[in-house]
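Trainee: Next comes the sequence, and after it the predicted model I'd like to discuss.
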Amino acid sequence: MVISRSGFSTNALQHANTVGLGQIDLFSAADLRIWLSKQIQPKEVESEYNRIVRGAMRDLALLIAKHPETLANIEWRELEKVLRETFEGIGFDTRLTRPGKDGGFDLELSSTEGGQKRVYLVEVKH
C-alpha cells in the first residue's frame, strides 16, 4: 500500500492497475480515509473494547476476592470498574459515570424490588 498526498504519476497508476489490487495499492489521503472507514466500524470496536475491559475487571474482582492484598495495586478508576462488575455479578444494573464530571458519584446501581425500581448512587474512595 502506498499513500501519497500529492498524487501518483501516470506510469505508477498504470503499473498498479496491471499488477492488481493487493499487490500495489495506491491511495490518496481521501482514498485512505474512505478505505479505513470501511474496515472497522467504530461501534464494533467500542463494543469489543468494552467486552475485553469488562472481562478483565471481572477477573480482577475474582483475584481480589481470593487475594485481598491485591487491592493495594489497583488504580482508582480500575477499582470503580471492578466494583461495577462486582455489583453486576450480584444482580444490579450498573452505570459507570464519566471521570471528573460525575456529579459526586462514580456508579449508579439500580434494581427492581417488589415491583419498584430502586436507584443507588455510589461514591468510591480507594
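Mentor: That came through fine. Residues are numbered from 1 along each chain as shown.

Trainee: which residue ranges form the helices in this structure?
Mentor: Shown for the chain, the helices assigned by DSSP state H span residues 10-19, 29-39, 42-66, 76-89.

Trainee: buried ones in the first one?
Mentor: Within helix 10-19, the residues that qualify as buried by neighbour count (16 or more other Cβ atoms under 10 Å) are residue 16. C-betas here are computed from N, CA, C, even on glycine.

Trainee: Pull the distance from that helix to the chain's centre.
Mentor: 40 Å (Cα atoms, centre = their mean, to the nearest Å).

Trainee: Format the CA atom coordinates belonging to that helix as CSV.
Mentor: The C-alpha coordinates for helix 10-19 follow below in CSV (Å, rounded to 0.1, in the frame of the first residue of the first chain):
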residue,chain,number,x,y,z
THR,A,10,0.6,8.1,-14.9
ASN,A,11,3.2,5.4,-15.0
ALA,A,12,2.7,4.5,-11.4
LEU,A,13,-1.1,4.3,-11.8
GLN,A,14,-0.8,2.1,-14.9
HIS,A,15,1.7,-0.2,-13.2
ALA,A,16,-0.6,-0.5,-10.1
ASN,A,17,-3.6,-1.3,-12.4
THR,A,18,-1.7,-4.1,-14.2
VAL,A,19,-0.3,-5.7,-11.1
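
Trainee: which residues are in contact with it?
Mentor: Residues from elsewhere that reach helix 10-19 (Cβ atoms under 8 Å, 6 or more residues apart in numbering): 8, 23, 24, 25, 26.

Trainee: Pick the one among these closest to residue 122.
Mentor: residue 25 (50.9 Å; Cβ to Cβ).

Trainee: what's the closest one in contact with, if anything?
Mentor: Counting by Cβ under 8 Å, 6+ apart, residue 25 touches 1, 2, 16.

Trainee: Relative to residue 67, which of the residues you listed is nearest.
Mentor: Within these, proximity to residue 67 (Cβ to Cβ) peaks at residue 1, which comes in at 47.1 Å.
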